[in-house]
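J.: build me a model:
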Amino acid sequence: MDFQLNLDRESVSHGYPARPVVLEPEATVRTALRTLAAERTGVLLVCRQKQLLGIFTERDALRLLANNTDLDVEIERHMTRNPAHLPTTATLAQAVEKMAEAHVRRLAILDAQGAPVGVLKATGLLRYLVEHFPQVVYTLPPAPHHKTQDREGA
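T.: Modelled structure (predicted):
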């Protein structure tokens, strides 16, 4: 297939956004950990009345577990407030720029009313690029600049 890269024209919906998994800010960290595992996701959006307040990721969870944090406190105390987000009308180019600017791997995608409708992940963007440049991605050697030191074979 012949694809043309349209990062400036295609919306974030082309980047394979994941379904948002949402928790209330009063939920406990323990509940958040169980939800991450049950939903097989690495990100939770913390919302009140469909409005995004924060984000909680598996990295936050690992940090809390490593520090033996009380897991029965509200997730609101450990979430990242005012997380990076974009509207559904944003382009993939804007998403890449926002991710780089904010140093994040996930962006909440919000509808016109500010309610989360998806989570755009770096893996979704990678999938988009692979679909547009399959020959480049699939033909790269594992270590392109590797030179063998010893002869192989008999």
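J.: gap between Lys121 and Val21?
T.: Applying Cβ to Cβ, to the nearest Å, the value for Lys121 to Val21 is 12 Å. Quick note: C-beta positions are derived from backbone N, CA and C, even for glycine.
J.: now for the two: what residues contact both?
T.: Counting by Cβ atoms under 8 Å, 6 or more residues apart in numbering, the shared contacts of Lys121 and Val21 are Val43.
J.: in the strand or helix carrying Leu65, what's buried?
T.: Assessed by DSSP states H and E, Leu65 sits inside helix 58-66. By neighbour count on 16 or more other Cβ atoms under 10 Å, the buried set for helix 58-66 is 60-61, 64.
J.: now the end-to-end length of stretch 34-44.
T.: For stretch 34-44, the separation between the terminal residues is 11 Å (Cα to Cα, to the nearest Å).
J.: which outside residues touch that stretch?
T.: Outside of stretch 34-44, the residues within contact range by Cβ under 8 Å, 6+ apart are 18, 21-23, 27, 32, 55-58, 61, 75, 106, 119, 121.
J.: among these, which ones are in helices?
T.: With helices identified by DSSP state H, the entries of the contacts of stretch 34-44 that belong to them are 32, 58, 61.
J.: got the contact list for the last one?
T.: The neighbourhood of Ala61, defined by Cβ under 8 Å, 6+ apart, consists of 29, 32-33, 36.
J.: next one: it, what pLDDT does it get?
T.: At Ala61, the model reports a pLDDT of 92.
J.: in its sheet, what does the next helix or strand after the helix holding Leu65 sit against?
T.: Under the assignment DSSP H and E, the closest C-terminal helix or strand after helix 58-66 is strand 80-81. Strand pairing for strand 80-81, determined by DSSP bridges: strand 51-57 (antiparallel).
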